[in-house]
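> what's the 3D shape of this:
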Amino acid sequence: MSPGGADIVRVGMVSPVGLSAEVTAAAVQAGIARFQAGSILDRRFNPLVMALVATPDLPPLIPEVDAVLGLTSRQMRMLRLAGPALQECLDGLPPTPLPLLLAGPEPFPAGRPAPIGPVFLEHLARQSGRALALAHSRVFPAGRAGVFLALAAALEGLAARRYPRVVVGGVDTLLDLYLLGTLDLEERLRADGVFDGAIPGEGAAFLLLTRPGAGDGAGGGALARMEGVGVAEELGHRYAKDTPYKGDGLDAAFRAVFAAAPGDPVRAVYAGFNGENFFAKEWGVAFLRHRKRFVEDHTMDHPADCVGDAGAGLGAMMVGLAAMAVAEGQRAPRCLVWGSSDLAARGAALLSKPQER
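Predicted coordinates for the structure are as follows:
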């Protein structure tokens, strides 16, 4: 469960279909996808189809960050993705340092360290030109569902009045040769003869959250009200060795978010599908167990159809897209956003119009 609620007042985003939140939202609403075969070959020597931001469209690393020793190519690309998205989210606001709760990639494949940690936040602050309150900032290396862990922490911090505003975000890229090779060997990537697979993607999204009714500090109002967040773990996740998969994790996340924010039934869903049947089955289990919480003709959006599997960036993008759609009247409140990671993390959030609670 999550205490209180929060207003989403700003969104910043970089995705394969747009270099801003507004352009990305318009592209996803129109069903535009950017899937292209590139120079990376799969194990059958066929070009991998990916959803990537054109490299020339990304700002280069600033010299101070570029000179840092030990940054991997994946970390450097994530900094280039996250920098402009964070800038967009905070554009025009006073330079007061804000805490950042950032979802990042999982430590996968097994045995590898998490791709980003606290030092990444220092590099991101330099790359974006925005000072961060690093003492109150944190990284959640939990993949697609990581943003829901970050949102739960943000709601708790706002309720405890540790800060008046907080930035929550997610960033990831699957453009990593070792990672792609592992997923290819496991036949998890869409390819000739592999239909139960994902299109590797990337992206970054950031949300500015405040206490309900507080505004963004620069005269702007709220896009949407985040009523509550539910998080849980799936013990029988994809890589669990001894525990059977039952779909209990997403079911528990739904149960937690509906307990935190009881109210009208859900009319719109943003689903964390990535192209693999595994997560569709999980949604089916959770939906059937909570069917009374949904109107019969609820809408369903799955942005991975446009941006590919953007990993830890996908969850943050979905929440941002849902908030903008609710604000524009394109999707009816209440709106449920959910995501599932490759490992145990599962999460869901409920959004409504700001004046509704």
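
> show me what contacts the nearest residue to A37 once chain neighbours are set aside?
Spatial nearest neighbour of A37, excluding adjacent residues (Cβ to Cβ, 6 or more residues apart in numbering): P47 at 3.9 Å. (Each C-beta comes from the backbone N, C-alpha and C, glycine too.) P47 makes contact with 37-41, according to Cβ atoms under 8 Å, 6 or more residues apart in numbering.

> bridging residues for P47?
L41 (DSSP bridges).

> what about V285, which helix or strand?
helix 277-289 (DSSP states H and E).

> so what secondary structure elements neighbour that helix?
helix 248-260, strand 335-340 (3 or more Cβ pairs under 8 Å, 6 or more residues apart in numbering; DSSP states H and E).

> now tabulate the contacts of P47 in CSV and tack on pLDDT, neighbour count and distance to R165.
Below are the contacts of P47 laid out as CSV (pLDDT from 0 to 100; neighbours: other Cβ atoms under 10 Å; distance: Cβ to Cβ, whole Å):
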residue, pLDDT, neighbour count, distance to R165
A37, 94, 11, 42
G38, 90, 12, 39
S39, 92, 6, 42
I40, 95, 15, 40
L41, 94, 13, 46
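
> with adjacent residues omitted, what lies nearest to W338?
W338 sits nearest to A348 (Cβ to Cβ, 6+ apart), 4.1 Å away.

> is it correct that that neighbour is in contact with V229?
Yes. With contact defined as Cβ atoms under 8 Å, A348 reaches V229; the gap is 7.2 Å.

> what do the two both touch?
148, 256-257.

> what's the closest of those to G313?
G313 lies nearest to F148 out of the shared contacts of A348 and V229, by Cβ to Cβ, at 13.6 Å.

> and the closest one, which of the three is it?
helix (DSSP: H, G, I helix; E, B strand; the rest coil).

> quick check, it in contact with G315.
Yes. The pair F148 / G315 is scored as a contact, 6.4 Å apart, by Cβ under 8 Å.

> which residues in the stretch 51-200 of the chain form strands?
100-104, 138-141, 165-173 (DSSP state E, counting those that start in this stretch).

> need those in JSON lines with mean pLDDT, can you?
Compiled in JSON lines, those are given as follows (pLDDT from 0 to 100):
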{"stretch": "strand 100-104", "mean pLDDT": "98"}
{"stretch": "strand 138-141", "mean pLDDT": "98"}
{"stretch": "strand 165-173", "mean pLDDT": "98"}
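
> redo those as a markdown table? Include mean neighbour count and distance to A214.
Output for these, formatted as a markdown table (neighbours: other Cβ atoms under 10 Å; distance: least, Cβ to Cβ, whole Å):
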| stretch | mean neighbour count | distance to A214 |
| --- | --- | --- |
| strand 100-104 | 29 | 18 |
| strand 138-141 | 21 | 22 |
| strand 165-173 | 30 | 7 |
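
> out of those strands, nearest to A252?
strand 138-141 (18.1 Å).

> with just CA atoms, put that closest one into PDB.
Provided in PDB are the C-alpha atoms of strand 138-141 (Å, rounded to 0.1, in the frame of the first residue of the first chain):
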ATOM      1  CA  ARG A 138      18.000   6.700  -4.800                       C
ATOM      2  CA  VAL A 139      18.300   4.200  -7.700                       C
ATOM      3  CA  PHE A 140      15.900   1.300  -8.000                       C
ATOM      4  CA  PRO A 141      17.600  -1.400 -10.200                       C
END
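
> quick one: residues in contact with it.
Contacts for strand 138-141 (Cβ under 8 Å, 6+ apart): 101-107, 114-118, 120-121, 146-147, 149-150, 153, 312.

> 7 Å instead, please
101-107, 114, 116-118, 120-121, 146, 149-150, 153 (Cβ atoms under 7 Å, 6 or more residues apart in numbering).

> and if you look at stretch 318-334?
So stretch 318-334 is contacted by 8, 11, 13, 21, 25, 28-29, 147, 205, 207, 223-224, 263-264, 266-268, 270, 272, 299, 303, 335, 337, 339, 349-353, 356 (Cβ under 7 Å, 6+ apart).

> cool, and stretch 245-254?
Here stretch 245-254 has contacts from 230-234, 236, 281-283, 285-286, 289-290, 338, 340, 344, 346-348, using Cβ under 7 Å, 6+ apart.

> show the buried residues in those.
The neighbour-count test (16 or more other Cβ atoms under 10 Å) marks 230-234, 282-283, 285-286, 289-290, 338, 340, 344, 346-348 as buried among these.

> now the following helix or strand past the helix holding V285 against helix 277-289, angle please.
Once helix 277-289 ends, the next helix or strand along the chain (criterion: DSSP H and E) is strand 294-301. If you take axes from the mean of the first three to the mean of the last three Cα atoms, to 10 degrees, strand 294-301 sits at 160 degrees to helix 277-289.

> quick one, helices of the stretch 101-250 of the chain?
When assigned using DSSP state H, counting those that start in this stretch, the helices of the stretch 101-250 of the chain occupy the ranges 118-128, 146-159, 177-185, 248-260.

> outline the domain layout of this protein.
Recorded structural domains for the chain (assignment: automatic domain parsing) are 6-210, 225-352.

> any idea which of these is most buried?
domain 225-352 (a mean of 22; mean count of other Cβ atoms under 10 Å).

> ok, H290 - contacts?
254, 258.

> check what pLDDT it gets.
On pLDDT, H290 comes in at 97.
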